[in-house]
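Peer 1: Would you be able to build a 3D model of this:
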Amino acid sequence: MSRPFTITTAISYPNGRPHIGHAYEAIATDAIARAARMMGRDVYFQTGTDEHGLKMAQTARARGITPAELAEEMSSYFKEMDDTLGISYDRFIRTTEPAHHCASQAIWQAMADAGDLYTGRYEGWYSVRDEAYYGAEEIVEGENGEKLSPQGTPVEWTVEESWFFRLSKYQEPLLKLYAERPEFIQPESRRNEVLRFVEAGLQDLSVSRSTFDWGVKVPGSPDHVMYVWVDALTNYITGCGYPDDAERMARYWPNGGDIVHIIGKDIVRFHAVYWPAFLMSAGIPLPRTVFGHGFLLNRGTKMSKSLGNVVDPLDWAERYGVDQLRYFLLAEVNFGNDGSYSTEAIVQRANTELGNAFGNLAQRTLSFIAKNLEGRLPVRTANADDEILLDMVCQAAGTDMPAAFERLAPHEAIQAWLRAVFACNQYIDAQAPWALRKTDPARMEAVLATLYVAIGRLAVAIQPVIPGSAAKLLDHIGVPADARTYEGLAANWYAELQSAGFTVATPTPLFPRLEMPAEDSEDV
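Peer 2: As a prediction, the model looks like this:
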């Protein structure tokens, strides 16, 4: 069995419909998971929805429905988004599932058995929108004198009886973790933020609520529900078999295992401070890496309902194409940093890189073969220039791209792929098979055969990013399923197709040219 790889998104809080930021995280995580499968890894990929907490209860009350009804409705929108965007999750988890309640109560009991839970009275600042507690030193004053969290969300003074977790006990173990395993928090900027927070001193954490009942019941305290983040973070091990499936836990959540959380930078504290402390307390292995990606900004401005600049990813997928949207988001943003998006940017990148550079390369090569050779695969002959190109493509596609995905850098994988695409375009322009057709037919066939193999390798390599379009092209040119992996890139599938008498039909354009929507034309 190949080395297991567990990767998760954060689970989305479904008190509203999904926006482009949710899609970005899901697409990036999906691309990394797909690449790992292409490397032969035993991948477990989990996503889902976080359905408890005060915010969900308040939203449901405002709509005149129960929290359970709200959760059922809103979770379905996130699953629809994932399915539409080709997110290849192995499990879409919901925190309202009975199995997850069982896991949450089990980790609670493990923390209690470790002596890390006690009752007390909580008084402090709480943000309903963030479902987060903040210290007095973190509170800022808004323009109208209101109290705000560091994220700019309203906070309210909260007083209630609560269970507390001895987070302060884990300050030194956490600092030791960060020192010994610098890869635990990525990128470096997030690690530095967490270090400063923990070094400033940790206070014990309120981990239950008694003023509402929408959540996982605290074992032995039926009047309390768990603080939503205790419940939410536990989802990662629920899917890996905790607490009853020891064999599955040993496979997908082992000590020293390759376990990665892809999350937004605004929730790094929960994942890089609270989560490892809970796991240490419960005696459960820690993940390898928590990666906090940046925000997507609409033309440089943070998304806001009041500004009317929140993009529905399904609208953009329908307007521009699923793969065009996937490619744009991963190519446009340096993963880990903030990035900006606009209609102009997606149209330009889809047209120039997918359409003109790769799509047109495949279109003119395959059309030329279909027209001039009646679809017969051209004969390959040894030539130094041809081998240099194929070696370059193989290096970029079979070595540089998987290495970038392993570094959690999908944007770097795309750049490696693009360099190879541009090299193929330079090659076809320099070799000019349309001119060779009259002067040197044998050389023409060698050039076309080289391009055919290169296009196949490029289509295989880019599958994690544009799976639908890549599969369509690979099917069209006959690349067998067992050659559609990074290890299979150098396989001699071309000779096998020739021996079988495979012929290629005239293709249809992979990426039809996009036009700017009329309502955005004045911005061009």
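
Peer 1: which element follows the helix or strand hosting residue 475 toward the C-terminus?
Peer 2: Assigned by DSSP states H and E, residue 475 belongs to helix 467-477. Following helix 467-477 in sequence order, the next helix or strand is helix 493-499 (DSSP H and E).

Peer 1: Got the confidence number for the residue sitting furthest away from the middle of the chain?
Peer 2: Farthest-out residue of the chain from its mean C-alpha position, per C-alpha atoms, centre = their mean: residue 439, at 50.3 Å. You'll see residue 439 listed with a pLDDT of 97.

Peer 1: Return the residues in contact with it.
Peer 2: Contacts for residue 439 (C-beta atoms under 8 Å, 6 or more residues apart in numbering) come out as none. All C-beta atoms are positioned from the backbone trio N, CA, C, and that covers glycine.

Peer 1: Make residue 1 into 57 and carry on from there
Peer 2: Done: numbering now begins at 57, and the last item shifts to residue 495.

Peer 1: mind checking how far it is from residue 178?
Peer 2: Using C-beta to C-beta, to the nearest Å, residue 495 is found at 84 Å from residue 178.

Peer 1: rewinding a little: dump the helix holding residue 531 to PDB, restricted to CA.
Peer 2: Provided in PDB are the C-alpha atoms of helix 523-533 (Å, rounded to 0.1, in the frame of the first residue of the first chain):
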ATOM      1  CA  PRO A 523      -9.500  17.700 -14.700                       C
ATOM      2  CA  GLY A 524     -12.500  17.900 -17.100                       C
ATOM      3  CA  SER A 525     -10.700  19.500 -20.000                       C
ATOM      4  CA  ALA A 526      -7.600  17.400 -19.500                       C
ATOM      5  CA  ALA A 527      -9.600  14.200 -19.500                       C
ATOM      6  CA  LYS A 528     -11.500  15.300 -22.700                       C
ATOM      7  CA  LEU A 529      -8.200  15.900 -24.500                       C
ATOM      8  CA  LEU A 530      -6.600  12.700 -23.200                       C
ATOM      9  CA  ASP A 531      -9.600  10.700 -24.300                       C
ATOM     10  CA  HIS A 532      -9.500  12.300 -27.700                       C
ATOM     11  CA  ILE A 533      -5.800  11.500 -28.300                       C
END
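
Peer 1: for the record, mean pLDDT for it?
Peer 2: Mean predicted lDDT for helix 523-533 stands at 98.

Peer 1: Go through that helix and flag the buried ones.
Peer 2: Within helix 523-533, the residues that qualify as buried are 523, 525, 526, 529, 530, 532, 533, counting by 16 or more other C-beta atoms under 10 Å.

Peer 1: List just the nearest of the residues you listed to residue 86.
Peer 2: Within those, the smallest distance to residue 86 is 8.5 Å, found for residue 523 (C-beta to C-beta).

Peer 1: I'd say that closest one and residue 142 touch.
Peer 2: Yes: if you go by C-beta atoms under 8 Å, residue 523 and residue 142 touch, sitting 5.4 Å apart.

Peer 1: hey, what's in contact with both of the two?
Peer 2: residue 379.

Peer 1: shouldn't residue 499 be in contact with residue 492?
Peer 2: Yes: using C-beta under 8 Å, residue 499 is in contact with residue 492, at 5.1 Å.

Peer 1: Tell me which residues touch residue 111, please.
Peer 2: With contact set as C-beta under 8 Å, 6+ apart, residue 111 has these partners: 69, 71, 184, 185, 187.

Peer 1: Mind checking which of the residues you listed are buried?
Peer 2: Looks like the contacts of residue 111 have 69, 71, 184, 187 buried, using 16+ other C-beta under 10 Å.

Peer 1: nearest to residue 123, of those?
Peer 2: If you rank the buried ones among the contacts of residue 111 by distance to residue 123 using C-beta to C-beta, residue 71 comes first, at 9.9 Å.

Peer 1: any idea how far residue 264 is from the residue nearest to residue 198 when sequence neighbours are not counted?
Peer 2: Excluding its sequence neighbours, the residue lying closest to residue 198 (C-beta to C-beta, 6 or more residues apart in numbering) is residue 204, at 4.8 Å. Going from residue 204 to residue 264 by C-beta to C-beta gives 25 Å.

Peer 1: Residue 153 too?
Peer 2: Applying C-beta to C-beta to residue 153 and residue 264 gives a distance of 20 Å.
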